[in-house]
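# Following is a predicted model, sequence given first.
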Amino acid sequence: MSPNTLREYVDERPLSSSLAVGGGHALLSFLLWSLFDFEDLLASVGTEPLYVFYLVGGMFALGFVPAVLYARYGLRAPGAISVFLLVGSAFGTYRVVASGATPVDPTAFGFYLLLWPGCVVLYAVIGAVEKVALGS
């Protein structure tokens, strides 16, 4: 594939906006991770770099994938599901942390970030259903 053909195929505007949304989701997730006083990811880089890469990559992908689906195909459901999962898991975790209880297992927010590949698949499936339902 020639560079000109590739440039025509990939529209830079949706890609750059999707990168921004993915970065914003990663930043927000990292701030929530710190607010909930979970383990220090920066300190874990030296001992568990693959784990940190998995989490940070997931933080990014959870925002990037719905943004791409919206920018390229106009699909709104994956973005709505993404917002629902982020806000719902953060609220559930906040209620546990604010009550003073020490979570033993991963909280809702922890599960949201640890199981991010499942969320990405869910976004793709919901997006495909929306695309078929709208007849696009």
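Now that the structure is in, tell me what you want to look at. Residues are numbered from 1 along each chain as shown.
# all contacts plus neighbour counts: C-alpha atoms, from now on.
Noted.
# So for the most centrally placed residue in the chain, what's the pLDDT?
The residue lying closest to the centre of the chain (Cα atoms, centre = their mean) is Leu62, at 1.4 Å. Note for Leu62: predicted pLDDT of 96.
# What of the one 3 residues further on?
Here, the pLDDT recorded for Val65 equals 95.
# before we move on, what about Ala43?
Value for Ala43, per-residue pLDDT: 86.
# quick one, what contacts it?
Under the criterion of Cα atoms under 8 Å, 6 or more residues apart in numbering, Ala43 has no neighbours.
# Tell me which residues of the strand or helix carrying it come out buried.
Assigned by DSSP states H and E, Ala43 belongs to helix 41-44. For helix 41-44, the neighbour count (16 or more other Cα atoms under 10 Å) marks Leu41 as buried.
# Now do that helix: distance to the chain's middle.
20 Å (Cα atoms, centre = their mean, to the nearest Å).
# What are the contacting residues of whichever helix or strand comes after it?
Under the assignment DSSP H and E, the closest C-terminal helix or strand after helix 41-44 is helix 49-73. Applying Cα under 8 Å, 6+ apart, the external contacts of helix 49-73 come out as 14-15, 17-27, 29-30, 41, 44-45, 75-76, 78-79, 82, 113-114, 116-117, 119-120, 123, 127.
# Counting neighbours, which of the residues you listed end up buried?
14-15, 18-26, 29-30, 41, 75-76, 78-79, 82, 113-114, 116, 119-120, 123, 127.
# low pLDDT regions in this protein?
1-13, 136 (pLDDT under 70).
# And the helices in it?
3-9, 12-35, 41-44, 49-73, 77-98, 108-114, 116-134 (DSSP state H).
# residues touching the residue nearest to Gly92 when sequence neighbours are not counted, list them.
Nearest non-adjacent residue to Gly92, counting by Cα to Cα, 6 or more residues apart in numbering: Ala108, 6.2 Å away. Residues counted as contacts of Ala108 (Cα under 8 Å, 6+ apart) are Ser89, Ala90, Gly92, Thr93.
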